[in-house]
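Asks: Build the 3D model from these lines:
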Amino acid sequence: MQGLEPGWVTATPGLGRPAQLTALGNGVVPQQAARAMQLLAPLFPRCPRCTTA
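Replies: Modelled structure (predicted):
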């Protein structure tokens, strides 16, 4: 689910459904940001913050 291993969030003891959904929603942000940088960085070649090593 969300690019994570099965049970990463859903098999966590004591974590209710609302907390699971919150964790999953927050967890996808870094993945989306990384992909956005991959797609957008080439459009701004002179931006020192946009280059990836």
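Asks: Which residues does stretch 5-12 contact?
Replies: Residues from elsewhere that reach stretch 5-12 (CB atoms under 8 Å, 6 or more residues apart in numbering): 1, 15, 20, 23-24, 27. Where you see a C-beta, it was placed from the backbone N, CA and C, and this is true even at glycine.
Asks: what do you get if the cut-off is 7 Å, keeping everything else the same?
Replies: For stretch 5-12, contacts defined as CB atoms under 7 Å, 6 or more residues apart in numbering pick out 15, 20, 23-24.
Asks: Now which of those would you call buried?
Replies: 20, 23-24 (16 or more other CB atoms under 10 Å).
Asks: so where's the protein uncertain?
Replies: Residues of the chain meeting the criterion pLDDT under 70: 1-4, 50-53.
Asks: Which residue ranges of it form helices?
Replies: Per DSSP state H, the chain carries helices over the ranges 17-40.
Asks: which residue of it sits farthest from its center?
Replies: For the chain, the residue at maximal distance from the C-alpha centroid (CA atoms, centre = their mean) is Arg46, at 25.9 Å.
Asks: For that residue, what are phi and psi?
Replies: For Arg46, the backbone dihedrals (degrees, to the nearest 10) come out as phi -90, psi 0.
Asks: ok, it to Gln31 distance?
Replies: 27 Å (CB to CB, to the nearest Å).
Asks: now swap in Met37 and tell me
Replies: From Met37 to Gln31 the distance is 11 Å (CB to CB).
Asks: same question, Pro48
Replies: According to CB to CB, Pro48 stands 24 Å off from Gln31.
Asks: now swap in Gln38 and tell me
Replies: Remark: distance between Gln38 and Gln31 (CB to CB) = 11 Å.
Asks: repeat for Pro42
Replies: The gap separating Pro42 from Gln31 is 19 Å, by CB to CB.
Asks: And Ala23, by the same measure?
Replies: Separation of Ala23 from Gln31 (CB to CB): 14 Å.
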